[in-house]
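> please find the sequence and the predicted model below.
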Amino acid sequence: MAIRIVRLGAPRAPGEGLRIGTVRRPPRGVPKAEFASRDFYDVWFPNLSPSAELVAEALHARDDRQWAAFRRKFRAEMNRPEPSRELDLLAALSGQANFAIGCYCEDEARCHRSVLRELLAERGARIEDEPGGGVAGQDE
């Protein structure tokens, strides 16, 4: 059992389980009835997306200093009580079920999902490293 961190819209991996969209907005031009069948997400969970202001900041981050500022601010948002509890829940569920969380960004390194990966790992979540790869936090 583990969490996969994915790009929404990318093909699902075998056994991936429920896909959770941690994005501020639904995919443009896609009927709601097709979100799951087109590999976006099964459940929309914008609670773990950056605020609208931070989304704009991330999209305009042009260098490492600006990206680091975004990361600090997003981590602060996720440390508020509600999102912190939601991350705790997902971390706990990762030991019981396979599921995925994701965003649309092409490059995870410049996406809030990289921060979610870190926050979940800090909470002891079991996270699948790569498609078909090992699981972080699992004894070999």
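All right, it came through fine. Residues are numbered from 1 along each chain as shown.
> quick one, longest helix in the chain?
If you go by DSSP state H, the chain has its longest helix at helix 64-78.
> so Gly124 lies in a strand, does it not?
No - looking at Gly124 with DSSP: H, G, I helix; E, B strand; the rest coil, it is coil, so not inside a strand.
> thought Glu57 was touching Glu77?
No - with contact defined as Cβ atoms under 8 Å, Glu57 does not count as touching Glu77 (11.5 Å). Glycine gets a C-beta too; all of them are placed from N, C-alpha and C.
> need the overlap of contacts for those two.
Both Glu57 and Glu77 are contacted by Pro50, under the criterion Cβ atoms under 8 Å, 6 or more residues apart in numbering.
> please save the CA atoms from the longest helix of the chain in PDB.
In PDB, the C-alpha atoms belonging to helix 64-78 read as follows (Å, rounded to 0.1, in the frame of the first residue of the first chain):
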ATOM      1  CA  ASP A  64      15.600  29.300  -7.400                       C
ATOM      2  CA  ARG A  65      15.100  32.200  -4.900                       C
ATOM      3  CA  GLN A  66      11.500  32.800  -6.100                       C
ATOM      4  CA  TRP A  67      10.800  29.100  -6.000                       C
ATOM      5  CA  ALA A  68      12.200  28.800  -2.500                       C
ATOM      6  CA  ALA A  69       9.900  31.700  -1.400                       C
ATOM      7  CA  PHE A  70       6.900  29.900  -2.900                       C
ATOM      8  CA  ARG A  71       7.900  26.600  -1.100                       C
ATOM      9  CA  ARG A  72       8.200  28.300   2.300                       C
ATOM     10  CA  LYS A  73       4.800  30.000   1.900                       C
ATOM     11  CA  PHE A  74       3.100  26.800   0.700                       C
ATOM     12  CA  ARG A  75       4.500  24.800   3.600                       C
ATOM     13  CA  ALA A  76       3.200  27.500   5.900                       C
ATOM     14  CA  GLU A  77      -0.300  27.100   4.400                       C
ATOM     15  CA  MET A  78      -0.100  23.300   4.800                       C
END
